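Asks: here are the coordinates; sequence isn't available:
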């Protein structure tokens, strides 16, 4: 009797224990990032195979994959990616270099900041795409319109991040630099750049993602080639598989660029406290 | 270069009738008033006083971090108009740049010197503060005491005529503090460097200093300057020592 009374709770606690063990069973960390995409993929496949939406609107994953393979084989997608990357590259180069330069001046000099800040902030409020109509009126559908729109999209976050990064350098460090008799150039190299680096990189990553938005929209509005144009073309043909293929391409390239930036930042900030 | 005779008074630090007023919301707030102080070359001066008595502000004036003040401060006859490598400071917080190694932090104050000289001074001062083996460590890899040693090495490497220390050891545990105090004091005596130490520790001030300056707050003034003419090493238990220590404590009461 006694034995049975004791045995029952022991058995149930054993069951609870094994249940807990199942809960705590975690896949290896390297697999974690793929878990959510796989779930989405599964849901997509399920929705497509149950035909919840017409196939023209929601093509099955296999069709999109086939389209990706076909577009790659025909060279269409590669050509479009090349054009888009070229545009975004030039736009980012112009926007970020001007932005970082202006941000540096604004961060270092209160006077310059006082002169420029109100106008800058007003212009920054206008979404990049708000510039499209007037730029098309001036330049037509020329490539320069795309460069300028993308540049503007990067310019604002790059400027703000640089200026904030410099302005937020702790006074304690600035005083230390003064007391140690650092020259202007040494102050920039040894204090300002490393201290502002995390803020700058935050701004650059925002700039890059803004650049992608601007690129795709400007290609949808005013281009005859590029990934964005390819997507518009797919939509007009009612070939949603091409649209989704374009989305996948943008996602993968964007992710790669962001990872590249993170990597660069980690490399430049080797000194940082490992978190 | 001053043309007057090379006496202690002209070679040392001369503070005459110095006052400093901050403006808080448009209203003047005097933080220092009527400061007179002469510090001879090689002298070790301890400054004690309640918080808010302007000790740190006085150090900042000596270093040249505060431009706007009344009165006159001169080192070796030359009025102080801004920071200079002749005058070094160790802050309460170490203020090492976290992105530079110990070596590179020390090198900050040696810009413009020949590379061989820079290397030599870095090695010399790292050894002096006992940080051998940590030359390439980043500040976050050091303990509080070690970081403060690196900060001291950084200030010493500039070979200033005068080194001011703003409670540099206040945040350390008592064991580390006493050891570092001993080392600092030894360095000061060996190099004949003038040192001004702001501290809360009356006993230490009396133990180290050639004179102890007692300050009182609101506005910050010098209440008493107590010379300590005792030979080193001093006996903390001796009648003269205890007597002097009591005089400092008495001056601190108000």
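Replies: It's in. Note that the structure is predicted; figures quoted are calculated from it, not measured. Numbering: from 1, shown residues only, chains lettered A, B, ... in the order given.
Asks: mind giving me the domain split of chain B?
Replies: Domain ranges of chain B: B:8-86+B:160-252, B:98-158, per automatic domain parsing.
Asks: ranking those by mean pLDDT, which is last?
Replies: Mean pLDDT is lowest for domain B:8-86+B:160-252 among the domains of chain B, at a mean of 86.
Asks: that one close to chain A?
Replies: Yes: for domain B:8-86+B:160-252, a contact with chain A is found by C-beta under 8 Å from any C-beta of the partner chain, at B:63, B:65, B:83, B:84, B:85. C-beta: built from backbone N, CA, C; applies to glycine.
Asks: kindly give a single ChimeraX line that selects the buried subset of these.
Replies: Selection of the buried residues among the residues of domain B:8-86+B:160-252 next to chain A in ChimeraX, burial being defined by 16 or more other C-beta atoms under 10 Å in any protein chain shown:
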select /B:63,83,84,85
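Asks: sitting in helices, which of the residues of domain B:8-86+B:160-252 next to chain A do you find?
Replies: residue B:63 (DSSP state H).
Asks: and which of the residues of domain B:8-86+B:160-252 next to chain A is nearest to residue A:59?
Replies: residue B:65 (68.2 Å; C-beta to C-beta).
Asks: which SS state does the nearest residue to that closest one once chain neighbours are set aside fall under?
Replies: Leaving aside its chain neighbours, residue B:65 sits nearest to residue A:175 (6.0 Å; criterion: C-beta to C-beta, 6 or more residues apart in numbering or on different chains). Following DSSP: H, G, I helix; E, B strand; the rest coil, residue A:175 is assigned to helix.
Asks: mind listing what residue A:175 touches?
Replies: Each residue near residue A:175 by C-beta atoms under 8 Å, 6 or more residues apart in numbering or on different chains is listed here: B:65, B:91, B:95.
Asks: what helix or strand is the residue most central in space within chain B on?
Replies: The residue lying closest to the centre of chain B (C-alpha atoms, centre = their mean) is residue B:164, at 1.9 Å. Per DSSP states H and E: residue B:164 is located in strand B:162-166.
Asks: what packs against that strand?
Replies: helix B:55-63, strand B:87-90, strand B:194-198 (3 or more C-beta pairs under 8 Å, 6 or more residues apart in numbering or on different chains; DSSP states H and E).
Asks: ok and the first one relative to strand B:162-166, angle-wise?
Replies: Here helix B:55-63 points in a direction 160 degrees away from that of strand B:162-166 (axes from the mean of the first three to the mean of the last three C-alpha atoms, to 10 degrees).
Asks: which residues of the chain fall in helices?
Replies: By default, I'm working from chain A. Under DSSP H, chain A gives helices at A:2-23, A:32-49, A:61-74, A:76-108, A:110-125, A:132-139, A:143-167, A:171-179, A:184-186, A:193-222, A:227-236, A:240-268.
Asks: that was the other one, I meant chain B.
Replies: Under DSSP H, chain B gives helices at B:8-11, B:55-63, B:102-107, B:115-128, B:144-157, B:174-191, B:202-208, B:239-252.
Asks: show me what counts as buried in the fourth one.
Replies: Okay, so that is helix B:115-128. B:118, B:121, B:122, B:125, B:126, B:128.
Asks: residues in contact with it: which ones?
Replies: With C-beta under 8 Å, 6+ apart, helix B:115-128 has contacts from B:102-103, B:106-107, B:110, B:113, B:132, B:134-135, B:153-154, B:156-157, B:159, B:187.
Asks: compare these and tell me which has the most neighbours.
Replies: residue B:106 (30 neighbours; other C-beta atoms under 10 Å in any protein chain shown).
Asks: tell me the contacts of that residue?
Replies: B:121, B:122, B:125, B:126, B:150, B:153, B:154, B:157.
Asks: may I ask which two of these are separated the most?
Replies: B:121 and B:150 (13.8 Å).
Asks: pull the number of nearby residues for the residue lying closest to residue B:203 once chain neighbours are set aside.
Replies: For residue B:203, ignoring the flanking residues on the chain, the nearest one in space by C-beta to C-beta, 6+ apart is residue B:245 at 6.3 Å. When neighbours are counted by other C-beta under 10 Å, residue B:245 registers 19.
Asks: these two touch, right, residue B:245 and residue B:209?
Replies: No: applying C-beta atoms under 8 Å, one finds residue B:245 not in contact with residue B:209, separated by 11.4 Å.
Asks: excluding chain neighbours, what is closest to residue B:220?
Replies: Per C-beta to C-beta, 6+ apart, closest to residue B:220 is residue B:54, 2.4 Å.
Asks: distance check, that neighbour against chain A.
Replies: Computed as C-beta to the nearest C-beta, to the nearest Å, the residue B:54 to chain A distance reads 18 Å.
Asks: burial of that residue, as a residue count?
Replies: That count, for residue B:54 with other C-beta under 10 Å as the rule, works out to 27.
Asks: ok, it - contacts?
Replies: B:20, B:31, B:32, B:215, B:217, B:219, B:220.
Asks: same thing but at 6 Å, please
Replies: B:31, B:32, B:220 (C-beta atoms under 6 Å, 6 or more residues apart in numbering or on different chains).
Asks: quick check: it vs residue B:210, distance?
Replies: Using C-beta to C-beta, to the nearest Å, one gets 22 Å for the distance from residue B:54 to residue B:210.
Asks: over to residue A:31?
Replies: 69 Å.
Asks: returning to what we had before: who's the residue nearest to the centre of chain B bridged to?
Replies: Residues in a beta bridge with residue B:164, per DSSP bridges, are residue B:89, residue B:196.
Asks: which of the helices of chain B sits closest to residue A:114?
Replies: Closest among these, using C-beta to C-beta: helix B:55-63, at 27.7 Å.
Asks: which one of the helices of chain A lies nearest to residue B:179?
Replies: Of the helices of chain A, nearest to residue B:179 by C-beta to C-beta is helix A:171-179, at 24.3 Å.
Asks: quick one on the thing from earlier: winner for burial among the helices of chain A?
Replies: helix A:143-167 (a mean of 24; mean count of other C-beta atoms under 10 Å in any protein chain shown).
Asks: near chain B, which residues of chain A?
Replies: Selection of chain A residues close to chain B by C-beta under 6 Å from any C-beta of the partner chain yields A:172, A:175, A:176, A:178, A:179, A:180, A:181, A:186, A:194, A:271, A:273.
Asks: what about 10 Å?
Replies: A:170, A:172-183, A:185-187, A:190-191, A:193-195, A:197, A:268-274 (C-beta under 10 Å from any C-beta of the partner chain).
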